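Novice: how would this look folded up:
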Amino acid sequence: MGQNADWRILVVDDEKDVREVLALTLSDAGYTIATASDGQAALEQCERYDPHIVLTDIRMPRLDGLALLEKIKQHHPDIEVIVATAFGDIASAVRALHLDASDFITKPIDSNVLMVSLERARQRVTTRRQLKAYTRHLEEGWDDTTQQLLETFAYQRKLIESSIDGILGCDGNERVVTYNASLEAMLGCPKQEVLQRMRLSQFFAPAEYDAFKKALAENCHGGPNRLYLYESCLRASDGKAIPVQLSAAPIGDREHAEGLVCFVRDLRKIRQLEQQMADQARILHQDKMISLGRLAASVAHEINNPLAGVLNYLRLMLHTSERPPLNADRVAQFRRYTTICEQEIARCARIVGNLLTFARSSPTDFQPVAMTPLLQRCVDLSRHRLDLQHIELIHRWPESLPTVIGDANQLQQCLLNLIFNAIDAMPNGGRLEIIARGDHRRATLEIAVSDTGCGIAPEVAPHVFEPFFTTKQDGGGTGLGLATTYGIIERHRGTIDFESLPGQGTTFTIRLPAGTQGDNAA
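Specialist: Have a look, this model is predicted:
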């Protein structure tokens, strides 16, 4: 009984006694009941009451039962309608079934027959609800699946279009079906002129295409029917050959490939970078040779002086040895002379060794660099030129400086460039200071090279690190020294800056990331 209370039934009959009997019978069965005296009133009740089942007589004033059934199915198709007919009105009952009535029962209405008919109507309502719920579930699932597919498709499309590399896909007949923005920009062929119109072979010169197909079939570039990082050339819209790196793979099974996808990387910028690196190496070596040339004259004098002394002592020893006897005093004198000769020859060997080390062409080798001996070598190589130009040298650094991870030859080149520039700035003599110290708090090594020369004019200062910029007259400089120094320090993750006052001097300061403490590194 309690379960029937959830079901609302509308009883429609123009006879009051019939309505009251049916309402009482159904109320006793636990149903929730409403009544109406004719079809028009029943329609108004359907709007307010929203019944699950309508039990209606056929013959009624204003709006009969069949017209009521038709209007209910038009406006409230989820309501089940049971039609009550007399024995002689079977034709109306058949028409009612055609109008989708749930059932028909004859008058007088038997209560048992009524309950059976109501149960059938309830089953139709329940089945319709389940079917709607299932349909809604399918529709929601279909909508979710469709949305997911659309989102996945859009994401994959964006992924292809936003790829830095060019992507080209073709079907089994090699007709282009995928052609992304990167490839369009690379080749200059508009997408609308390529998709479904051009074939893969049209992007190659004939010889390049044959080589590509041959490489695709071989095992040497990633396996059969696969290519990995294969270098070739594609033809742009203007006919120019563009060097590219290709990776390609079939779409689908290898035996039944449905097409081919190619990933294309433009090598023009890579080639340009390679050329720039080669140019940098050439400029670096050129600057080194220029620095070496600037050293040559002064080093020749520096080597010539000790060699002249050695030659004089050897001649003196030969002359003395021709006048026997060699007493103890002469032997002591010979030993003193040979000691001086040994020291001077060692000095010459050290200078020549430093020159050879500096001049040697070797690949960049970043290793821990001991800075104290490197600074000392720079002082040794430039000391004679400083003496010739009457420049006082002051150098200060602790016995143990932090090491630097870098290339010792390049760092020496930087310091010599700064020293030579300082010497050039003091043609009438002056003072050169080289001061180095470690900043433990910042984990850096700082080297300052200061001169008392002519200084740098304010209008020149912004250009001092530009390649080929020089203020020296009559071919006195190439403008590579400071530009090279700047590049080397930058590659060592360091900084270089300067302070200058015209007529008073300039200080260049190098700061490099420090390695370990001490100079025990190679």
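Novice: pLDDT below threshold where in the stretch 1-150 of the chain?
Specialist: 1-3, 86-90, 139-146, 149-150 (pLDDT under 70).
Novice: Can you show me the helices along it?
Specialist: Using DSSP state H, counting those that start in this stretch, the helices of the stretch 1-150 of the chain run over residues 16-28, 39-49, 65-75, 90-98, 111-161.
Novice: what's the most buried one of those?
Specialist: helix 65-75 (a mean of 19; mean count of other Cβ atoms under 10 Å). C-beta here means a position set from N, CA and C on the backbone, and glycine is covered the same way.
Novice: and that one, how far from the chain's centre?
Specialist: Mean-position distance between helix 65-75 and its chain equals 68 Å (Cα atoms, centre = their mean, to the nearest Å).
Novice: would you put the C-alpha positions of the helix or strand containing residue 376 in CSV?
Specialist: Residue 376 belongs to helix 371-388 when assigned by DSSP states H and E. C-alpha atoms of helix 371-388 as CSV (Å, rounded to 0.1, in the frame of the first residue of the first chain):
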residue,chain,number,x,y,z
MET,A,371,96.1,31.4,-11.3
THR,A,372,99.3,32.4,-9.4
PRO,A,373,101.7,30.8,-12.0
LEU,A,374,99.6,32.0,-14.8
LEU,A,375,99.8,35.6,-13.6
GLN,A,376,103.5,35.2,-13.1
ARG,A,377,104.0,34.0,-16.7
CYS,A,378,102.1,37.1,-18.0
VAL,A,379,104.5,39.3,-15.9
ASP,A,380,107.6,37.4,-17.2
LEU,A,381,106.4,37.8,-20.9
SER,A,382,105.7,41.5,-20.6
ARG,A,383,108.4,42.6,-18.2
HIS,A,384,111.1,43.5,-20.8
ARG,A,385,108.6,45.7,-22.8
LEU,A,386,107.6,47.4,-19.6
ASP,A,387,111.3,48.1,-18.9
LEU,A,388,111.8,49.5,-22.4
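Novice: which helices and strands does it pack with?
Specialist: Applying 3 or more Cβ pairs under 8 Å, 6 or more residues apart in numbering; DSSP states H and E, one finds that helix 371-388 makes contact with helix 268-321, helix 328-359, strand 391-396, helix 408-424, strand 430-439, strand 444-451.
Novice: Show me the longest strand that occurs in this structure.
Specialist: Ranked by residue count, the top strand of the chain under DSSP state E comes out as strand 241-252.
Novice: Just the residues contacting that strand, thanks.
Specialist: Contacts to strand 241-252, defined as Cβ atoms under 8 Å, 6 or more residues apart in numbering, come from residues 166, 169, 186-187, 205, 212, 216, 222, 225-236, 257-268, 271.
Novice: Which members of those residues are positioned in helices?
Specialist: Among the contacts of strand 241-252, DSSP state H puts 186, 187, 212, 216, 268, 271 in helices.
Novice: now those as a markdown table including pLDDT, neighbour count and distance to residue 492?
Specialist: Formatted as a markdown table, the ones in helices among the contacts of strand 241-252 follow (pLDDT from 0 to 100; neighbours: other Cβ atoms under 10 Å; distance: Cβ to Cβ, whole Å):
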| residue | pLDDT | neighbour count | distance to residue 492 |
| --- | --- | --- | --- |
| 186 | 88 | 19 | 36 |
| 187 | 90 | 23 | 40 |
| 212 | 88 | 23 | 43 |
| 216 | 83 | 20 | 45 |
| 268 | 82 | 11 | 30 |
| 271 | 76 | 11 | 26 |
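Novice: related to what we said a few turns ago, for the longest strand of the chain, the distance to its chain's centre please.
Specialist: With Cα atoms, centre = their mean, you get 21 Å for strand 241-252.
Novice: Can you list the buried residues in that strand?
Specialist: Using 16 or more other Cβ atoms under 10 Å as the test for burial, strand 241-252 gives 242, 244, 245, 246, 247, 248, 249, 250.
Novice: Grab the nearest non-local neighbour of the fourth one.
Specialist: Meaning residue 246. Sequence neighbours aside, residue 230 is the residue nearest to residue 246 in space, at 4.7 Å (criterion: Cβ to Cβ, 6 or more residues apart in numbering).
Novice: Number of residues surrounding that neighbour?
Specialist: 19 (other Cβ atoms under 10 Å).
Novice: Residue 272 now?
Specialist: Residues lying near residue 272 (other Cβ under 10 Å) number 10.
Novice: How about the contacts made by the nearest residue to residue 212 once chain neighbours are set aside?
Specialist: Counting by Cβ to Cβ, 6+ apart, residue 232 is the residue found nearest to residue 212 once chain neighbours are left out, at 5.7 Å. Counting by Cβ under 8 Å, 6+ apart, residue 232 touches 204, 208, 211, 212, 243, 244, 246.
Novice: Ok, residue 160 next?
Specialist: Counting by Cβ under 8 Å, 6+ apart, residue 160 has contacts 167, 178, 180.
Novice: Leaving out the residues flanking it, which one is nearest to the first one?
Specialist: Meaning residue 167. residue 180 (4.5 Å).
Novice: so that neighbour touches residue 169, yeah?
Specialist: No. Applying Cβ atoms under 8 Å, one finds residue 180 not in contact with residue 169, separated by 9.2 Å.
Novice: what bridges to the nearest residue to residue 18 once chain neighbours are set aside?
Specialist: Among residues not flanking residue 18 along the chain, residue 57 sits closest, at 7.4 Å (Cβ to Cβ, 6+ apart). Judged by DSSP bridges, the bridge partners of residue 57 are residue 84.
Novice: Report how many residues lie close to residue 57.
Specialist: A total of 24 residues lie near residue 57 under the criterion other Cβ under 10 Å.
Novice: now it: how far from residue 444?
Specialist: To residue 444, residue 57 is 104 Å away according to Cβ to Cβ, to the nearest Å.
Novice: Now for the spatially most central residue of the chain: which residues touch it?
Specialist: Geometric centre of the chain, nearest residue: residue 164, 9.1 Å, by Cα atoms, centre = their mean. Neighbour list for residue 164: residue 182 [criterion: Cβ under 8 Å, 6+ apart].
Novice: That one: what secondary structure?
Specialist: Recorded secondary structure, residue 164: coil (DSSP: H, G, I helix; E, B strand; the rest coil).
Novice: What does it show for phi and psi?
Specialist: Backbone geometry at residue 164, expressed as degrees, to the nearest 10, gives phi -70, psi -40.
Novice: For residue 100, what are phi and psi?
Specialist: Backbone phi and psi, for residue 100 under degrees, to the nearest 10, turn out to be phi 70, psi 40.
Novice: surely it meets residue 73?
Specialist: Yes. Here residue 100 reaches residue 73: they are 5.5 Å apart, a contact under Cβ under 8 Å.
Novice: where do the contact lists of the two overlap?
Specialist: residue 81.
Novice: State the distance from residue 495 to residue 512.
Specialist: As judged by Cβ to Cβ, residue 495 and residue 512 stand 8 Å apart.
Novice: out of these two, which sits in the busier spot?
Specialist: The neighbour count for residue 495 versus residue 512, taken as other Cβ under 10 Å, is higher for residue 512 (24 against 15).
Novice: Just give the closest residue to that one, not the sequence neighbours.
Specialist: Residue 512 sits nearest to residue 494 (Cβ to Cβ, 6+ apart), 4.0 Å away.
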